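1. could you look at this predicted model? Sequence included:
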Amino acid sequence: MDTNNSRNKRIAKNTIYLYVRMILFLLIKLYTSRVALHVLGVTDYGIYNLVAGIIVMFSFLNSAISGASQRFFNVALGENNSQKLRTYFINSVNIHFIIGLFMVILSETIGLYLLNNKLNIPPERISAAYITFHLAVLSCFFTILRAPYNAIIIAYEKMSFYAYISIIEVVLNLAIIYILPIWDFDKLNLYSWLMALITICILIIYIIYCNVCFPVTRYKFSFSKPIMKTIMSFSLWSTLSSFANIITKQSLNIILNVFMGVAINAASAIMTQVSSAIYSFIQNFQIAANPQLIQSYASNDLQYLKNLFNITSKASFYLMLFFSIPAILCMDEVLHLWLGTVPQYTNSFCILSIAALLINTLGGPIWTTIQASGEIKKYQTIIFVVTILNIPFYYIILYLGLQPQYTLYLPIITNIIIVINGIYLLSKISNFSIKEYNMRIFIPILKVGIISTIAPYITAYLLQDKMSDITFIITITIISILSISICVYMCGLEKTEKKILIDNIHKSIK
């Protein structure tokens with residue numbers, strides 16, 4: 001078995017791969033969104049994201065099954081059982097194919113009904129919306145088939161390939177934007193066709209790579225009822241939170257569209273781009289740590305599990321702060337430089353979504369550890385109930401004529417409740433203590449979160465409107481990084497963690 005030191009090094013190495021991937025991914029993705037908004041226009045850009053969102057709503061099973069598959073892959077790796085891993089993989093592919101067909105049926109029935117009868121789409125663009133809808137269904141089907149291959153790559157911790165293929169995908173997305181003005185074709189339809197083609201090509205690359213590097217992924221049809229039942233039983237409970245999250249997000253898009261038209265869906269799409277880009281940095285760090293969390297639980301190495309859980313929770317929050325504070329304080333300037341023309345409500349949408357994600361960073365390690373234990377029923381049920389209750393409140397807020405940004409306060413409250421519940425359940429199923437969590441994680445991050453904000457906020461208050469946008473962003477970013485770094489070192493780390501940090505800096509310098 002690997003030593004804890006070598007496992008930590010592997011996590012660090014994989015994190016670097018994922019961060020290089022994410023920096024390039026972020027830069028290209030944000031630029032692509034700007035150009036896509038310009039080339040397609042606010043209406044077509046809003047239509048594409050609204051229609052594609054309906055398809056995502058019906059693919060909620062995929063994320064649950066994919067997460068469950070990765071959990072079982074990591075358990076088999078933790079037990080060093082290759083035959084068990086092969087069986088899990090083949091049956092996971094079978095399940096994802098069935099889910100893909102199920103998604104197609106739901107999309108082409110219920111989804112088509114929503115498109116025809118409920119969505120507020122300009123009459124002159126309805127035919128283009130139909131073509132976009134069917135191509136989005138096709139893209140989603142092939143994305144679902146990719147999920148088990150993606151899960152096995154993460155389980156084997158081959159983050160270099162994961163980084164390369166993501167960069168290739170986003171570069172192809174950028175290439176599409178430059179092709180659009182060249183061809184004399186409906187821009188929205190051409191964009192949808194090319195996006196579907198990219199999805200198919202990426203799936204083929206995934207399959208070839210996995211077949212070459214991991215013999216267990218060479219598909220040969222077999223059907224194991226016990227394994228299928230085990231994965232599905234676990235996934236059905238995982239489905240509750242995935243279903244609630246996707247339905248709630250897409251319901252908000254639909255409710256906003258019904259009350260305020262398609263233009264506000266462009267603001268919502270930009271909010272999703274910004275929050276996803278920022279959260280991806282933390283998510284990639286957690287992706288690098290998750291296999292070790294699950295494998296250490298499977299191998300009963302509980303002390304390493306607890307230590308890794310603590311450092312992952314704090315590091316996730318601190319990393320999120322590095323992006324959140326500058327982004328929130330400079331949101332107007334960032335959006336102006338990025339988009340030029342900023343749709344109404346985009347600023348407040350983005351700021352509130354980032355605030356919700358800052359709390360959500362603490363939920364990642366909690367969810368992974370509970371998932372590793374297999375005791376997910378109560379946790380998933382509470383997440384489902386708390387999250388799905390947002391939908392009627394979304395409607396009530398807009399029905400009463402309140403500003404649409406008030407809807408974004410609800411996810412903040414929801415995430416706080418989910419994290420508190422997760423900590424409580426974790427204390428019941430493992431050797432985690434609520435008191436220890438508060439002392440080692442919550443109090444340090446609370447101190448850092450409050451104190452590190454003071455200097456950047458005062459600086460932003462004094463300098464806003466007195467500098468150019470780019471100078472203001474750079475100034476606030478530098479002050480935020482310095483403030484957070486000092487606060488993390490002074491009151492956010494334990495003595496042993498400080499020593500490890502200093503030792504690693506010395507090694508890097510040498």
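-> Looks like it arrived, so ask away.

2. contacting residues around residue 482?
-> Taking C-beta atoms under 8 Å, 6 or more residues apart in numbering, we find residue 482 in contact with residue 455. For the C-beta atoms, the positions are set from N, CA and C on the backbone; glycine is no exception.

3. what residues of the strand or helix carrying it count as buried?
-> Per DSSP states H and E, residue 482 falls inside helix 469-487. By 16 or more other C-beta atoms under 10 Å, the buried positions in helix 469-487 come out as 472-473, 475-477, 479-481, 483-484, 487.

4. save those residues as TSV, and put in pLDDT and distance to residue 101 too.
-> Below are the buried residues of helix 469-487 laid out as TSV (pLDDT from 0 to 100; distance: C-beta to C-beta, whole Å):
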residue	pLDDT	distance to residue 101
472	90	52
473	90	47
475	93	54
476	92	50
477	91	47
479	93	53
480	92	48
481	91	48
483	93	52
484	91	48
487	92	51
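
5. ok, now how distant is residue 488 from residue 406?
-> 33 Å (C-beta to C-beta, to the nearest Å).

6. tell me where the stretch 101-250 of the chain has helices.
-> Assigned by DSSP state H, counting those that start in this stretch, the helices in the stretch 101-250 of the chain fall at 112-117, 126-155, 159-179, 187-213, 225-260.

7. ok, residue 404 - contacts?
-> 256, 259-260, 264, 345, 349, 397-398.

8. rerun at 6 Å
-> residue 345 (C-beta atoms under 6 Å, 6 or more residues apart in numbering).

9. got phi/psi on it?
-> When read as degrees, to the nearest 10, the backbone of residue 404 gives phi -60, psi -30.

10. any idea of the pLDDT on it?
-> pLDDT for residue 404: 87.

11. ok, residue 281 - how many residues close by?
-> Using other C-beta atoms under 10 Å, residue 281 is surrounded by 20 other residues.

12. ok, residue 448 touching residue 486?
-> No - judged on C-beta atoms under 6 Å, residue 448 makes no contact with residue 486 at a distance of 9.7 Å.

13. low-confidence bits of the stretch 101-250 of the chain, can you list those?
-> Where the stretch 101-250 of the chain drops to pLDDT under 70, the residues are 118-119, 238.

14. okay, the helices of the stretch 101-250 of the chain, which one's buried deepest?
-> Across those, averaging neighbours per residue (mean count of other C-beta atoms under 10 Å) puts helix 126-155 on top, at a mean of 21.

15. quick one, what contacts residue 323?
-> With C-beta under 6 Å, 6+ apart, residue 323 has these contacts: residue 278.

16. I'd like to know how far it sits from residue 274.
-> Distance, residue 323 to residue 274, by C-beta to C-beta: 10 Å.

17. please apply the same query to residue 114.
-> Distance from residue 114 to residue 274, counting by C-beta to C-beta: 26 Å.

18. next: residue 80.
-> 42 Å.

19. ok, residue 151 next?
-> 27 Å.

20. likewise for residue 166?
-> To residue 274, residue 166 is 18 Å away according to C-beta to C-beta.

21. then residue 86?
-> Distance from residue 86 to residue 274, by C-beta to C-beta: 41 Å.

22. what about these two, which has more around it?
-> Neighbour tally, residue 86 and residue 274, criterion other C-beta under 10 Å: the higher count belongs to residue 274, 23 against 19.

23. can you give me the buried ones in the helix or strand containing that one?
-> Using DSSP H and E, residue 274 falls within helix 263-298. Buried residues in helix 263-298, counted by 16+ other C-beta under 10 Å: 263-275, 277-298.

24. give me the angle between whichever helix or strand comes after that helix and helix 469-487.
-> Remark: after helix 263-298, the chain's next helix or strand is helix 302-329, criterion DSSP H and E. Counting by axes from the mean of the first three to the mean of the last three C-alpha atoms, to 10 degrees, helix 302-329 points 150 degrees away from the direction of helix 469-487.

25. counting contacts, what elements does the helix or strand that helix 302-329 is followed by pack onto?
-> Heading C-terminal from helix 302-329, the first helix or strand you meet, by DSSP H and E, is helix 331-339. If you count contacts as 3 or more C-beta pairs under 6 Å, 6 or more residues apart in numbering; DSSP states H and E, helix 331-339 packs onto helix 346-360, helix 469-487.

26. if we go to 10 Å?
-> Where contact means 3 or more C-beta pairs under 10 Å, 6 or more residues apart in numbering; DSSP states H and E, helix 331-339 is packed against helix 4-57, helix 263-298, helix 302-329, helix 346-360, helix 469-487.

27. now those helices in JSON lines, with distance to residue 374?
-> As requested, the helices and strands packed on helix 331-339 are exported to JSON lines (distance: least, C-beta to C-beta, whole Å):
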{"stretch": "helix 4-57", "distance to residue 374": "22"}
{"stretch": "helix 263-298", "distance to residue 374": "9"}
{"stretch": "helix 302-329", "distance to residue 374": "14"}
{"stretch": "helix 346-360", "distance to residue 374": "23"}
{"stretch": "helix 469-487", "distance to residue 374": "37"}
